[in-house]
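[1] Take a look and give me a structure for this.
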Amino acid sequence: MGSPASASSTVLDVAAMLQNNGQSTGMTLAAVDRLNNGLDISTTLIPSWQSLILTDSGDDTGAAQAVPVSPTAVNIARVAAVMRVVDTAEDGPVGLDEVRRALHEAASLPVSHPALFTLACAGGAGALAVIFGADNPTVVLLAALTGAIGGMLRRVAGHWGAGPLGQAFLAATVSGFVGALAMNAHLGAGSALVALCAVLILVPGPHILNGALDLLSARIGLGMCRIGWAAVILVGIGVGLLLGVQLGGAPFPHLGTGMKTPLPGDVIAAGVAAACYAVYFSMPYRFILWPVAAGMLAHAGHWVALSVWHCGPATAALIACLIVGAALAPVSHALRIPFAGIGFASVVSLVPGSYVLATVDGVVGLVGDPAPQLLATTASSAATAVAIIAAMAAGLAIPIHVRDVVVNRRRR
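    Residues are numbered from 1 along each chain as shown. Prediction:
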């Protein structure tokens, strides 16, 4: 079984692996509880943004161990590999060597293959263009091409040591430049989608959702750090897009009004987008069906809420995300995979990226020309973005929060 100190160190390494690869804090804490049971130790995990602290509840000396963490990545394959051995510890003893072997295997799992990642970036951007009402096949193809170029640049930049912020900024800049060329080519009202859809696939949705879950569980510090990191990425994306379109000699792209995709096309494109996001998060292929099915169901509900019930965008997003949350909360628990990853993959196209980017553009414009009309437009874009993001976070987080409460009561 190994010494208690060695077992505690291994538990801390498991928690760090989960935290660094997108697992929610609640599921990470649950994993520590299961390992305590399987390894016959008693420890308590104290999570934060920069480090994890593990205290030995059965040690009168009050000894504690700490490990630095950087929860900025999402790799569902690594999480799933670790959670398999964690699950065996829930019902009985587990060997320390078995846990260490699972950790080693998880750490060796790579991210999605560059070619597959690039293809997914193309598919995701093209699918979003269809969802947002692109009526010109050339626009869809250019959006897909721009997404592919951004995906290749992100992998190359990551290989040379660039972090998530640098990768997002570079991809957004190139997307803005290509999008500016498309707008200058006068491809129709939907030409702005070439730039917008290629940058919307950069939105750090899992960090927003994990942050919302932490806030709902009163882990205020960690939740605010997660959302703050997501906000930094969003600003980097907006600045990169603004720089790119200026280099291309075009105005900042805005999503037009009145563009609506028929229900069948919307649902199919939503499934494609969900599958592509699963690839971004290195999800094991056997799990991809879940976010695809949930995404298609959610988009059907979103389309009905907008077109039939005439709901506002925030209300429609709330309805769609409640559908996804209710459908995937038990799935994420049963399969032990990060809800933030599969949940966001299902509703990615609902993220109000165009409003967020328009807000960034407006703020930049206000520096040089604080006109009342620009101020009103910027405030409207910001309010709409906040309302939709809050509705999405609530719709996804509330079912998973309810599930965690029920599971914890049953465990006690």
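[2] what's the spacing between the nearest residue to residue 267 once chain neighbours are set aside and residue 409?
    Of all residues not flanking residue 267 in the chain, residue 296 sits nearest, at 4.9 Å (CB to CB, 6 or more residues apart in numbering). From N, CA and C alone the C-beta is placed, and that goes for glycine too. Distance of residue 296 to residue 409, given as CB to CB, to the nearest Å: 33 Å.
[3] wait, isn't residue 248 in contact with residue 174?
    No - using CB atoms under 8 Å, residue 248 is not in contact with residue 174, being 10.2 Å away.
[4] Please enumerate the helices of the stretch 51-200 of the chain.
    Counting by DSSP state H, counting those that start in this stretch, one finds helices in the stretch 51-200 of the chain at the ranges 76-90, 96-107, 114-131, 137-159, 164-184, 193-200.
[5] what about the closest residue to residue 190 other than its chain neighbours, neighbour count?
    Computed as CB to CB, 6+ apart, the closest residue to residue 190 that is not its neighbour in sequence is residue 134, at 4.4 Å. Neighbours of residue 134 under the rule other CB atoms under 10 Å: 28.
[6] just residue 115 next, same as before
    Neighbours around residue 115, by other CB under 10 Å: 11.
[7] Which one of residue 296 and residue 409 is surrounded by more residues?
    Using other CB under 10 Å as the criterion, residue 296 and residue 409 rank with residue 296 on top: 19 against 8.
[8] Name the SS class of that one, please.
    helix (DSSP: H, G, I helix; E, B strand; the rest coil).
[9] With distance to residue 34 and mean pLDDT as added columns, please give the helices of the stretch 51-200 of the chain in TSV.
    Formatted as TSV, the helices of the stretch 51-200 of the chain follow (distance: least, CB to CB, whole Å; pLDDT from 0 to 100):
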stretch	distance to residue 34	mean pLDDT
helix 76-90	4	84
helix 96-107	11	90
helix 114-131	32	92
helix 137-159	33	92
helix 164-184	30	92
helix 193-200	37	86
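[10] and these, which is most packed in?
    helix 193-200 (a mean of 32; mean count of other CB atoms under 10 Å).
[11] quick one: the very next helix or strand once past that helix to helix 76-90, angle?
    With elements assigned by DSSP states H and E, the helix or strand that comes after helix 193-200 is helix 205-216. Helix 205-216 and helix 76-90 are oriented at 40 degrees to each other (axes from the mean of the first three to the mean of the last three CA atoms, to 10 degrees).
[12] I'd like to know which elements helix 205-216 is packed against.
    Where contact means 3 or more CB pairs under 8 Å, 6 or more residues apart in numbering; DSSP states H and E, helix 205-216 is packed against helix 25-39, helix 220-247, helix 339-347, helix 372-411.
[13] Average pLDDT for that helix, rounded please.
    Averaged over helix 205-216, pLDDT sits at 82.
[14] i'd like the first residue to be 32 from this point on
    In the new numbering, first residue 32, that becomes helix 236-247.
[15] distance between it and the chain's centre?
    Averaged C-alpha coordinates place helix 236-247 at 9 Å from its chain's average position (CA atoms, centre = their mean, to the nearest Å).
[16] which residues sit against it?
    53, 55-57, 102-103, 105, 251, 253-258, 260-261, 264, 312, 369-372, 374-375, 378-379, 382, 420, 424-425, 427-429, 431-432 (CB atoms under 8 Å, 6 or more residues apart in numbering).
[17] Repeat that for stretch 117-132.
    Counting by CB under 8 Å, 6+ apart, 32-33, 37-38, 41, 45, 62, 65-66, 68-71, 116, 367 sit against stretch 117-132.
[18] Could you pull up the contacting residues of the closest residue to residue 43 other than its chain neighbours?
    Residue nearest to residue 43 in three dimensions, not counting chain neighbours: residue 85, with 4.4 Å by CB to CB, 6+ apart. The contact partners of residue 85, taken as CB under 8 Å, 6+ apart, are 39, 42-43, 46, 63, 74-77, 95-97.
[19] Make TSV out of these and add pLDDT, neighbour count and distance to residue 357.
    Formatted as TSV, the contacts of residue 85 follow (pLDDT from 0 to 100; neighbours: other CB atoms under 10 Å; distance: CB to CB, whole Å):
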residue	pLDDT	neighbour count	distance to residue 357
39	88	25	37
42	92	28	32
43	93	21	34
46	94	26	28
63	91	21	27
74	89	23	33
75	90	14	31
76	92	21	28
77	92	12	31
95	83	15	39
96	88	16	38
97	90	14	37
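[20] Reformat the residues you listed into CSV and put distance to residue 335 next to each item.
    Rendered in CSV, the data for these read as follows (distance: CB to CB, whole Å):
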residue, distance to residue 335
39, 52
42, 46
43, 47
46, 42
63, 42
74, 48
75, 46
76, 42
77, 44
95, 52
96, 52
97, 50
